[in-house]
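Trainee: The following comprises the amino acid sequence and a computationally predicted model.
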Amino acid sequence: MPSCLPKEIAVAVYSYSKLETFKSCPLRYKFTYIDRIKRPGEGVEAFMGKRIHEVLEKLYADLQYKKQNSLNELLADYESRWKANWHDNVNIKKEGLTQDNYFEMGRECIRAYYERYQPFNQAITLGLERKVGFFLDPEKRFQMVGYIDRLDQRPDGTYEIHDYKSSNTCPEQTNLDADEQLALYQIALKQAFTDAKDVELVWHYLVFDKEFRSKRTPEQLEDIKRTTIETIMQIEAAKEFEPSESSLCDWCDYPDLCPRRRHFYIIESLPMNEYANETGYTLVNKLAELEDKKKALVKEIDGEIVKIKEALVAYAKAEGVDVIRGATKKAKVKIEEVEKYPYAGTPERKELEALLASAGCLEDVMKASLDLGKLAKAVKSNIWSPELIAHVKKFAVRETECSVTLSKLSERDLILDEEMSY
């Protein structure tokens with residue numbers, strides 16, 4: 001197809017998918033675009049998407065010659081392409097699904113699209129799988145390239161950039177209003193066609209038979225240029241390409257090379273009777289076992305500590321002491337009556353804050369919100385009127401708080417202990 005690529009040659013050419021690969025996982029970017037490691041396999045989702053794209057390209061290519069294929073003709077073409085291109089390295093990740101499931105899914109996408117848009121006379125098709133290229137800056141330092149699935153122009157002169165999606169995840173409009181891929185193609189379009197004043201971005205989510213549309217302002221396009229340049233500069237300045245884990249890892253071609261996923265790949269490749277004895281696998285299991293034992297033991301000990309502290313409080317009350325000595329340490333028992341004020345979010349708390357605000361005293365005890373420590377200090381120091389303090393105290397509930405603090409015996413206590421032993 002005709003190209004919109006500029007004649008000038010930039011230092012490096014980037015695509016939207018290339019930039020997105022870097023943003024999602026720098027290490028995958030390195031394997032794919034720097035090391036150029038090729039893998040024979042492809043995901044079944046990508047395989048299905050390619051076949052659908054090919055059929056829709058045929059549909060509109062033939063329409064340019066005034067030939068409208070019937071739905072049955074397109075479905076037969078889809079089946080033929082599927083059989084001709086299927087190979088043993090097409091990967092099906094989702095359990096319980098087969099090649100037939102994906103074949104039928106793609107077939108339904110084509111049927112729904114055909115029935116929705118026939119007789120396909122909404123606009124004039126200007127390009128199919130059209131290669132577009134453009135520069136992001138006046139100095140022509142940053143160059144982009146991409147492919148528009150279909151470029152149309154309506155009778156009113158509006159350009160439409162169409163993108164076919166075979167994803168089984170349906171986006172929200174807000175996601176597409178922030179999408180950068182088609183917006184980048186719009187930048188290319190404006191550089192290639194001087195009359196491209198009005199441009200609509202159109203997504204066809206084929207699995208759901210849904211169409212989404214969006215527009216970009218000149219200011220938004222300039223902002224996308226700026227952020228895209230920033231991403232390119234990050235790539236070109238990168239020294240280390242660290243892995244970044246996400247749900248996309250399940251579709252990565254390099255699990256055997258990734259330090260985050262390589263051991264998973266090793267274990268999954270071993271027969272069931274072998275991986276149980278693999279060194280790393282057994283070490284992790286042993287560590288997990290010990291950590292579980294540790295947690296159980298800590299929980300048991302914490303329970304005993306609570307009981308002993310309760311017993312120390314009872315002993316202190318009975319003996320009239322607040323410090324209890326042991327062999328090398330002492331326990332300080334603190335028993336006090338405290339005033340508790342309402343917790344945040346309760347109706348009582350709102351009433352208390354309203355009272356302080358009406359008295360012009362709320363700011364005295366505020367940080368980001370009402371500070372109960374400051375409030376207690378203000379009440380105790382009598383900085384407010386007796387009437388206000390009396391009203392504030394009505395919100396307080398008196399509770400007994402007990403605490404036990406363990407500390408070392410002082411040198412003096414230890415010396416006395418030694419003297420007593422003689």
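Mentor: Noted; the coordinates are in hand.
Trainee: Could I get the full set of strands for this protein?
Mentor: Ranges of strands within the chain are 13-14, 42-43, 90-91, 124-135, 143-153, 159-165, 199-205, 210-214, 323-325, 329-340, 397-408, based on DSSP state E.
Trainee: Looking at those, which is nearest to residue 55?
Mentor: With CB to CB as the criterion, residue 55 lies closest to strand 159-165 of these, at 10.0 Å. C-beta: built from backbone N, CA, C; applies to glycine.
Trainee: Show me what that closest one is packed against.
Mentor: Judged by 3 or more CB pairs under 8 Å, 6 or more residues apart in numbering; DSSP states H and E, the packing partners of strand 159-165 are helix 44-63, strand 143-153, helix 181-192, strand 199-205.
Trainee: got the contact list for residue 393?
Mentor: Each residue near residue 393 by CB atoms under 8 Å, 6 or more residues apart in numbering is listed here: 339, 379.
Trainee: can you redo the strands of the chain as a markdown table with mean neighbour count?
Mentor: Below are the strands of the chain laid out as a markdown table (neighbours: other CB atoms under 10 Å):
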| stretch | mean neighbour count |
| --- | --- |
| strand 13-14 | 18 |
| strand 42-43 | 16 |
| strand 90-91 | 16 |
| strand 124-135 | 19 |
| strand 143-153 | 21 |
| strand 159-165 | 21 |
| strand 199-205 | 21 |
| strand 210-214 | 15 |
| strand 323-325 | 13 |
| strand 329-340 | 14 |
| strand 397-408 | 11 |
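Trainee: export the ones you listed to a markdown table and tack on distance to residue 62?
Mentor: A markdown table is the format used below for the strands of the chain (distance: least, CB to CB, whole Å):
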| stretch | distance to residue 62 |
| --- | --- |
| strand 13-14 | 32 |
| strand 42-43 | 27 |
| strand 90-91 | 28 |
| strand 124-135 | 11 |
| strand 143-153 | 13 |
| strand 159-165 | 17 |
| strand 199-205 | 18 |
| strand 210-214 | 22 |
| strand 323-325 | 95 |
| strand 329-340 | 79 |
| strand 397-408 | 81 |
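Trainee: okay, these in JSON lines with mean pLDDT next?
Mentor: Formatted as JSON lines, the strands of the chain follow (pLDDT from 0 to 100):
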{"stretch": "strand 13-14", "mean pLDDT": "96"}
{"stretch": "strand 42-43", "mean pLDDT": "92"}
{"stretch": "strand 90-91", "mean pLDDT": "94"}
{"stretch": "strand 124-135", "mean pLDDT": "96"}
{"stretch": "strand 143-153", "mean pLDDT": "97"}
{"stretch": "strand 159-165", "mean pLDDT": "98"}
{"stretch": "strand 199-205", "mean pLDDT": "98"}
{"stretch": "strand 210-214", "mean pLDDT": "98"}
{"stretch": "strand 323-325", "mean pLDDT": "96"}
{"stretch": "strand 329-340", "mean pLDDT": "93"}
{"stretch": "strand 397-408", "mean pLDDT": "94"}
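Trainee: out of these, nearest to residue 58?
Mentor: Across these, residue 58 has its closest neighbour in strand 124-135 (9.2 Å, CB to CB).
Trainee: What pairs with the closest one, parallel or antiparallel?
Mentor: Paired strands of strand 124-135, with direction, are strand 143-153 (antiparallel) (DSSP bridges).
Trainee: re the thing from before, go through the helices and strands packed on strand 159-165 and name the closest to residue 232.
Mentor: The nearest among those, by CB to CB, is strand 143-153 at 8.8 Å.
Trainee: just the angle between the closest one and strand 159-165, please?
Mentor: 110 degrees (axes from the mean of the first three to the mean of the last three CA atoms, to 10 degrees).
Trainee: how far is strand 143-153 from where the chain is centred?
Mentor: On the basis of CA atoms, centre = their mean, to the nearest Å, strand 143-153 sits 28 Å off its chain's mean C-alpha point.
Trainee: Please apply the same query to stretch 233-241.
Mentor: Its chain's C-alpha centre and that of stretch 233-241 lie 22 Å apart, by CA atoms, centre = their mean.
Trainee: Straight-line length of it, end to end?
Mentor: With CA to CA, to the nearest Å as the measure, stretch 233-241 spans 14 Å from end to end.
Trainee: Go ahead and name everything in contact with it.
Mentor: Stretch 233-241 is contacted by residues 12, 14, 19, 22, 26-27, 29-30, 34 when judged by CB under 8 Å, 6+ apart.
Trainee: rewinding a little: I'd like the helices and strands packed on strand 159-165 laid out as a markdown table, including distance to residue 283.
Mentor: Below are the helices and strands packed on strand 159-165 laid out as a markdown table (distance: least, CB to CB, whole Å):
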| stretch | distance to residue 283 |
| --- | --- |
| helix 44-63 | 36 |
| strand 143-153 | 47 |
| helix 181-192 | 44 |
| strand 199-205 | 46 |
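Trainee: close enough to count as contact, residue 22 and residue 228?
Mentor: No - Residue 22 is not in contact with residue 228 according to CB atoms under 8 Å; the separation is 11.5 Å.
Trainee: how about stretch 54-65 as PDB, C-alpha atoms only?
Mentor: The C-alpha trace of stretch 54-65 is given here as PDB (Å, rounded to 0.1, in the frame of the first residue of the first chain):
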ATOM      1  CA  GLU A  54      -6.700 -10.400   6.800                       C
ATOM      2  CA  VAL A  55     -10.300 -11.200   6.100                       C
ATOM      3  CA  LEU A  56     -11.400  -7.600   6.800                       C
ATOM      4  CA  GLU A  57      -8.600  -6.300   4.700                       C
ATOM      5  CA  LYS A  58      -9.800  -8.500   1.800                       C
ATOM      6  CA  LEU A  59     -13.400  -7.200   2.400                       C
ATOM      7  CA  TYR A  60     -12.400  -3.600   1.900                       C
ATOM      8  CA  ALA A  61      -9.800  -4.200  -0.800                       C
ATOM      9  CA  ASP A  62     -12.400  -5.900  -3.000                       C
ATOM     10  CA  LEU A  63     -14.800  -3.100  -2.300                       C
ATOM     11  CA  GLN A  64     -12.400  -0.700  -3.800                       C
ATOM     12  CA  TYR A  65     -12.900  -2.700  -7.100                       C
END
